[in-house]
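Visitor: Predicted model, plus sequence, below.
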Amino acid sequence: MDHRPAQAKTGVTAQLRLKVGEFPFAPGVYLMRDEAGGILYIGKARSLRKRVLSYFTPRPEFPKLRILMSKVSQIDYLETSTEVDALLLEARLIREHQPPYNKELKDDKSYPLLKITREKFPRIHLTRTRTQQGGGLTYGPFTDAKLLREAIALIHSLFPIRKCRRLPKTACLYYHIGQCLAPCIKPEVKPHYDRVVEEIKSFIGSGKRSFTEYLAERMQEASSQLRFEDAAYFKGQIEALSRLRRKRFDFRRPESGVLLSATAALKKILGMKKLPEKIVCFDVSHAQGDEAVASRVGFYRELPDKMAYRRYKIKTVFGIDDYAMIREALSRMLTGIREGREDFIPDLIMIDGGKGHWSAAAAVLKQESFEGLDLIALAKKFETVYGSENGKPLPVPRGSPALHLLQKIRDEAHRFAISYHRLLKEKSLTQSILDEIPAIGAKRKRVLLEQFDSIREMARAGVDQLAGLPGMDRPSAEKVWQFLRSKF
């Protein structure tokens, strides 16, 4: 309890308010201190002056705020380049100083965390629980999931680490544009990859005010030690960061930087408030209800983003019911977004189908409290686009760039769904053939099914490759190889 006279406290508050009135209109972190200089509370702000001045406005509905301000005698700030930088710095300072009025943040397990996985080639992603299968390092908690996703996207853009959950068998787009070292096809990059991961850990734990400050310090350090190749690397990252902030991260004018004519046309036709840069599309595939699957593809700025592709094996629908299958797949994506497992948040959701498919998806959005997401459906018959608030046809001109883009996305979702359906049918056939091999139990059979997409691919593998799989030994590998060679 503050024992200072009310008149003295009023004077301190007035002086504080005058001081805060000189804070910059810039992002940063503010630290509220008591008379002894101890930190009571740490927060971040898009605009330091506006945010901190708001604490001096009486708000009876927040009694804890009034108690906090009665103890504050000094307010300091650390200006940062962006709000994302402020978010990372805020989390690091809270972890270091443990302010008493940030206790609710520290104890609430629902706040998002940044995780670096414990894998041979680690990746980073957003999570909401510290204890997860596989272990790894977690940082946070953070106060803003959206900003944390932006921070992760920025780290992905600057540091060439993997974005995929499972290593693919071929290099993806990120390797070809220089944003991934492609450990999937080049395991020899392990030493370089580990250095990149250490740089990420070093930045997150450094407490620097911005990415630029950290990179500039590392460049100077490398230069002073005559490590000119490393210095050039950090200089390149600083230049890349500058380009990203001019183009990709101008959120007030997302149309700037890259001309997106089809996306801009879609925004106008659909009456959207923001440019639909991120679009996902769902489709389903089955054979009379057998091996039913759903696919989801993601497009970012009119290009396919393979990291946003998902395959859903339908679990709750039996028989032929496309609407129910769409509902299940869409619901699973929305649950993933809510729980922080999905970092590709769409501006526009698209369904391969007609008005009935649109209505089924709209019901899920309402049920899951995601009504704010824009939704359309594209029917193959007459290429009609259904949308708006009631699923009525929309005036998308034939031959227009907007319709061409939607058709391209729809066709990719259909191709992806068909390929997954065929894969499951092939695996089902493979599994039945593996049942015939003597001395191959359920565990080894599961390993073989996970490593190979078809029985023919498995037959082309040699004994050495089969013996090197988890849980396999050479005698078992020879039995599998001999059996498959007799069949093919």
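Guide: Done, it's in. Residues are numbered from 1 along each chain as shown.
Visitor: Point out where the stretch 151-300 of the chain drops to low pLDDT.
Guide: Where the stretch 151-300 of the chain drops to pLDDT under 70, the residues are 177, 205-211, 229-230, 233, 237, 239-259, 286-291.
Visitor: can you do 80?
Guide: Counting by pLDDT under 80, the stretch 151-300 of the chain contains low-confidence ranges at 151, 153-154, 157-158, 171-179, 199, 202-218, 220-260, 285-292.
Visitor: where along it do the strands fall?
Guide: Counting by DSSP state E, counting those that start in this stretch, the stretch 151-300 of the chain has strands at residues 278-287, 290-300.
Visitor: For these, please prepare JSON lines with the additional fields distance to Thr316 and mean neighbour count.
Guide: To be clear about C-beta, it is placed using only N, CA and C from the backbone, and glycine gets the same treatment. Shown next, in JSON lines, are the strands of the stretch 151-300 of the chain (distance: least, Cβ to Cβ, whole Å; neighbours: other Cβ atoms under 10 Å):
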{"stretch": "strand 278-287", "distance to Thr316": "13", "mean neighbour count": "23"}
{"stretch": "strand 290-300", "distance to Thr316": "10", "mean neighbour count": "22"}
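Visitor: Determine the number of other residues adjacent to Leu303.
Guide: 10 (other Cβ atoms under 10 Å).
Visitor: and it, what is it in contact with?
Guide: Listed by Cβ atoms under 8 Å, 6 or more residues apart in numbering, the contact partners of Leu303 are Leu173.
Visitor: Helices along the stretch 101-250 of the chain, start to end?
Guide: Along the stretch 101-250 of the chain, the segments classed as helices by DSSP state H, counting those that start in this stretch run 103-107, 145-158, 173-176, 190-204, 211-224, 228-246.
Visitor: hang on, the earlier thing: which among the strands of the stretch 151-300 of the chain is found nearest to Tyr323?
Guide: Closest approach to Tyr323 among those (Cβ to Cβ): strand 278-287, 9.4 Å.
Visitor: okay, the helices of the stretch 101-250 of the chain, which one's buried deepest?
Guide: Comparing the helices of the stretch 101-250 of the chain by mean neighbour count (mean count of other Cβ atoms under 10 Å), helix 145-158 ranks first with a mean of 19.
Visitor: now for that one, which elements pack on it?
Guide: Contacts defined by 3 or more Cβ pairs under 8 Å, 6 or more residues apart in numbering; DSSP states H and E place helix 145-158 against helix 83-97, strand 113-117, strand 124-127, helix 228-246.
Visitor: hmm, try it at 6 Å
Guide: Helices and strands touching helix 145-158, by 3 or more Cβ pairs under 6 Å, 6 or more residues apart in numbering; DSSP states H and E, are helix 83-97.
Visitor: List the buried residues for the helix it packs on?
Guide: Buried residues in helix 83-97, counted by 16 or more other Cβ atoms under 10 Å: 83-95.
Visitor: next one: stretch 305-324
Guide: Buried residues in stretch 305-324, counted by 16+ other Cβ under 10 Å: 305, 307-312, 314, 317, 321-324.
Visitor: That'll do, ta.
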